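Engineer: when you get a sec, could you give me coordinates for this:
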Amino acid sequence: MDRMRWTEQSASRVGCPTIKNHSVTHFGDYLFCFGGYDGRRNHMTLLIYSILEQRWFRPHHAMGTEGQGSNFLGDPSFLVQGTPPPGRNGHSATLAADPDDEENGRVIIIGGWLGTGPLAASDMHVLDISGAGRQLRWYQPPIKGTPPGPCNMHSADYVSALKEVFVFRGGNGREYLNDLHALHVETLTWRRVETTGAIPQQRANHSSAFLEETQELFVFGGWNGTERLNDIHILDTATNTWTCPRVGGVLPHPRAGMTLTALRGRLYLFGGSGTSAKCFQDLQILDRQTMAWLDVTQYETGRNGHHDSEHETTGTFRFGGSHTLDDGQSHMYGHLEETPRFTFGGAQQDNSLDANQEAVARPPQQGGGQDGASLSLGSFTSSRADWHARDMAARHRQPALPNVSPNPNDEDSVPAVLIDGTGPGRRAGHTATAVHRKIFVFGGSCGSDYLNDFFVLDTDPPPHALVSEPTSVQLFERRLRHFFNDEEFSDVTFVVQGEKVYGHKMVLSIVSDCFRAMFTTGFRESEAMEIEIPDCSHASFLSVMEYVYTGALPKMDMANQDRDRSLTRVVEMLELSDRFFLDHLKQICESILQPAVTHDTAEYLLGIAQKTNASQLQSICEHFVRNRNEIA
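Structural biologist: All right, here's what the predicted structure looks like:
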């Protein structure tokens, strides 16, 4: 199973715009953001985001630059010259650069909505990048050939092998289009690309991505003037042939205004608006090799929402699907739209194990809850259903992974991806920019809420060494119960009323100084294979041994028919706990016997308390005797 991780760049909001339908282009260690609409106006300011420093800034404009005030200041280490394009949104910005050249590149700005006139813009501007992004120049070059014409909410992708920018036209302000054009970036020559095959229908506000591994151009979804789409088309740029493949997995809901990002043989679809202008926040992944939408499971470590950067400590799974909220999608032609504690023997103290280890460290409770008085005698057995020494010695170890499917009969039809972290909230008109193995998602809108939050999806996060196996103490606690009265590894046998009870000297010596002394060299019992225990019943001794190995505690049944028998059993366990120095069990017996102190039993239990040095029970009985006349 693939694992990916969302994180929010919380510190990146300082100085960043709140916009949608903008463009973000990656070059070197920087992201270049241009244009967009903020609810009031179109932007024309070039902003730069430093990936290493995680901050936004404006480059310094040369003195006298047309369109900028002479006193405009920016970061002095970044210089931009020339006249920037007029403010716009819904344009495209495509990086045309040699993959081996880390110093120079060009960003091609095409079309968009200027906010005036009946048609979208038809101009083209170039941002020349040199000095690894520190020297910038705007210019509007002369072009050859026939350009696409007015276009808005279109898509543009750089085909490196052809050194051309392929533009799949969206709308021009009057109609929806599906013509394909290519700009040769070295000669700045336009040509219309004649294609064959299953040509996509007219649409705008779609998304596209170019997959380097296969030299294919993918076009997904969009709005055709009547409905939103969720079809996917592939252009083979070597033959200019369109195909509409059969895609496996669960298809994304029809939508527009989403992003499609190509990375390492996969296409990452995020967000967009669906029917009735409802926003999505789902991440969908198309694997080109299997030609299937993958099974993406979101593992949430915090609350959803585009302004939330706090993470909860408890994770929950969210399976697939889409979540919607009113978006107010823009019109295609403009902006009118803690430390663990452990216990021995499973007694009733705080067993607050670490949450990640509790499932493997603590066996299921049997015979009741954690309250000592609710556990019944004989509730534990020597069953090996949970663990057996001989089986465990050769068991096959597998890494612990979340069980994505609750149905054990399910078979994976497509690969699965598990997403950690809290991702972006619902949105459309945002950007998603690939930077090495990561995808940077920025801005967009959801209804009247314009956004400037910044999230990063790491598609191949570094693995972390996790401590998920139980500790030796936890294993000891968990497995000890299976040796209760079990002959395996037994090195001492007790004979009580003619019946054998199996024990282990080391275990008994750990919990009882009496047993430790008994098994010490020089005592007769240290060499004996069988030790007779006089003056007690087999059932009571077995209950004491069960307590040692499992933590099972005695229970007082107050029903009339069983009261005397229960009282006798607890008294015998009190006597045995005193004999074998089991102080915790002794105190438990005292607390259980306290409600049994009555007019009929007070004198008897007082004698038992004095005989067993049970000081607490003695005080309880003496208090009762002193005040018996006041008790109705």
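Engineer: who's in contact with the residue lying closest to Met124 once chain neighbours are set aside?
Structural biologist: Closest residue to Met124 apart from its sequence neighbours, by Cβ to Cβ, 6 or more residues apart in numbering: Ile110 at 5.3 Å. Where you see a C-beta, it was placed from the backbone N, CA and C, and this is true even at glycine. Applying Cβ atoms under 8 Å, 6 or more residues apart in numbering to Ile110 gives the contacts 91-92, 94, 124, 148, 151, 154, 156, 165, 167.
Engineer: beta-bridge partners for Ile110, please?
Structural biologist: Ser92, Met124 (DSSP bridges).
Engineer: quick check: it vs Ser23, distance?
Structural biologist: 10 Å (Cβ to Cβ, to the nearest Å).
Engineer: Thr471 too?
Structural biologist: With the distance defined as Cβ to Cβ, Thr471 ends up 53 Å from Ser23.
Engineer: again with Phe519
Structural biologist: Per Cβ to Cβ, Phe519 is found 80 Å from Ser23.
Engineer: could you pull out the helices in this protein for me?
Structural biologist: In the chain, the helices defined using DSSP state H lie at 358-361, 389-392, 472-480, 505-511, 513-518, 538-550, 560-579, 583-593, 602-611, 615-626.
Engineer: and the longest one, what does it pack against?
Structural biologist: To tie it back to what came earlier, the one meant is helix 560-579. helix 538-550, helix 583-593, helix 602-611 (3 or more Cβ pairs under 8 Å, 6 or more residues apart in numbering; DSSP states H and E).
Engineer: give me the contacts around the second one.
Structural biologist: Spelled out, it's helix 583-593. Contacts for helix 583-593 (Cβ under 8 Å, 6+ apart): 347, 372-373, 544, 547, 553-556, 567, 570-571, 573-574, 577-578, 605, 609, 612, 614, 616-617, 620.
Engineer: helices and strands of the protein: which one has the lowest mean pLDDT?
Structural biologist: helix 358-361 (a mean of 30; mean pLDDT, DSSP states H and E).
Engineer: quick one, what contacts the residue most central in space within the chain?
Structural biologist: Taking Cα atoms, centre = their mean as the criterion, Asp420 is the residue nearest the geometric centre of the chain, at 2.4 Å. Going by Cβ under 8 Å, 6+ apart, Asp420 touches 3-6, 299, 301, 461.
Engineer: next one, pLDDT for it please.
Structural biologist: Listed pLDDT for Asp420 reads 93.
Engineer: check the one 3 residues further on too.
Structural biologist: On the pLDDT scale, Gly423 is placed at 94.
Engineer: from what I can see it touches Gln298, true?
Structural biologist: Yes - counting by Cβ atoms under 8 Å, Gly423 does reach Gln298; the two are 7.1 Å apart.
Engineer: mutual contacts of the two, please.
Structural biologist: With Cβ under 8 Å, 6+ apart, Gly423 and Gln298 have common neighbours Leu283.
Engineer: quick check: the residue of the chain positioned farthest from its centre vs Thr601, distance?
Structural biologist: Distance from the C-alpha centroid of the chain peaks at Asn629, with 66.1 Å (Cα atoms, centre = their mean). Distance of Asn629 to Thr601, computed by Cβ to Cβ: 17 Å.
Engineer: cool, Cys279 as well?
Structural biologist: Separation of Cys279 from Thr601 (Cβ to Cβ): 72 Å.
Engineer: those two - which one has more neighbours?
Structural biologist: Cys279 (29 against 18; other Cβ atoms under 10 Å).
Engineer: would you agree that one is in contact with Arg426?
Structural biologist: Yes - at 3.6 Å, Cys279 counts as touching Arg426 under the criterion of Cβ under 8 Å.
Engineer: quick one: the nearest residue to Ile533 once chain neighbours are set aside from Met529, how far?
Structural biologist: Spatial nearest neighbour of Ile533, chain neighbours left out: Val496 (4.8 Å); criterion: Cβ to Cβ, 6+ apart. Val496 sits 15 Å away from Met529, going by Cβ to Cβ.
Engineer: more neighbours, those two?
Structural biologist: With neighbours defined as other Cβ under 10 Å, Val496 and Met529 compare such that Val496 has more, 20 against 8.
Engineer: poorly predicted segments of the stretch 351-500 of the chain, please.
Structural biologist: Within the stretch 351-500 of the chain, the stretches with pLDDT under 70 are 351-413.
Engineer: from the contacts of Asp420, which land in strands?
Structural biologist: 3-6, 299, 301 (DSSP state E).
Engineer: quick one on the thing from earlier: so Phe519 and Ser23 - more neighbours on which side?
Structural biologist: Ser23 (23 against 20).
Engineer: tell me if I'm right that the more buried one and Ala432 touch.
Structural biologist: No - using Cβ under 8 Å, Ser23 makes no contact with Ala432, being 11.4 Å away.
Engineer: can you list the helices of the chain in TSV and add mean neighbour count and distance to Asp231?
Structural biologist: Shown next, in TSV, are the helices of the chain (neighbours: other Cβ atoms under 10 Å; distance: least, Cβ to Cβ, whole Å):
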stretch	mean neighbour count	distance to Asp231
helix 358-361	15	44
helix 389-392	10	53
helix 472-480	16	54
helix 505-511	17	68
helix 513-518	16	77
helix 538-550	22	62
helix 560-579	18	74
helix 583-593	21	70
helix 602-611	17	84
helix 615-626	17	78
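Engineer: so for Gly225, which of these sits nearest?
Structural biologist: Judged by Cβ to Cβ, the one of these that comes nearest to Gly225 is helix 358-361, at 53.6 Å.
Engineer: of the helices and strands packed on helix 560-579, which approaches Gln54 most closely?
Structural biologist: helix 538-550 (54.1 Å).
Engineer: for the closest one, packing partners?
Structural biologist: strand 492-496, strand 499-503, helix 505-511, helix 560-579.
Engineer: can you redo these as TSV, where the extra columns are distance to Ser130?
Structural biologist: Below are the helices and strands packed on helix 538-550 laid out as TSV (distance: least, Cβ to Cβ, whole Å):
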stretch	distance to Ser130
strand 492-496	85
strand 499-503	82
helix 505-511	74
helix 560-579	85
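Engineer: ok, which of these comes nearest Thr237?
Structural biologist: Among these, helix 505-511 sits nearest to Thr237 (Cβ to Cβ), with 72.9 Å.
Engineer: what's stretch 499-513 in contact with?
Structural biologist: Contacts with stretch 499-513, where a contact means Cβ under 8 Å, 6+ apart, come from 344-345, 480, 483, 485-487, 489-495, 515-516, 519, 530, 538, 541-542, 545, 548-549, 580-582.
Engineer: swap in 6 Å and give it another go.
Structural biologist: 485, 487, 490-494, 515-516, 519, 538, 542, 545, 548, 580-582 (Cβ atoms under 6 Å, 6 or more residues apart in numbering).
Engineer: now the end-to-end length of stretch 30-40.
Structural biologist: One end of stretch 30-40 sits 27 Å from the other (Cα to Cα, to the nearest Å).
Engineer: from the middle of its chain, how far away would it be?
Structural biologist: Chain-centre distance of stretch 30-40: 30 Å, with Cα atoms, centre = their mean, to the nearest Å.
Engineer: report how many residues lie close to the residue nearest to Leu31 when sequence neighbours are not counted.
Structural biologist: Using Cβ to Cβ, 6+ apart and skipping the chain neighbours, the partner closest in space to Leu31 is Tyr49 (4.1 Å). By the measure other Cβ under 10 Å, the count of residues near Tyr49 is 24.
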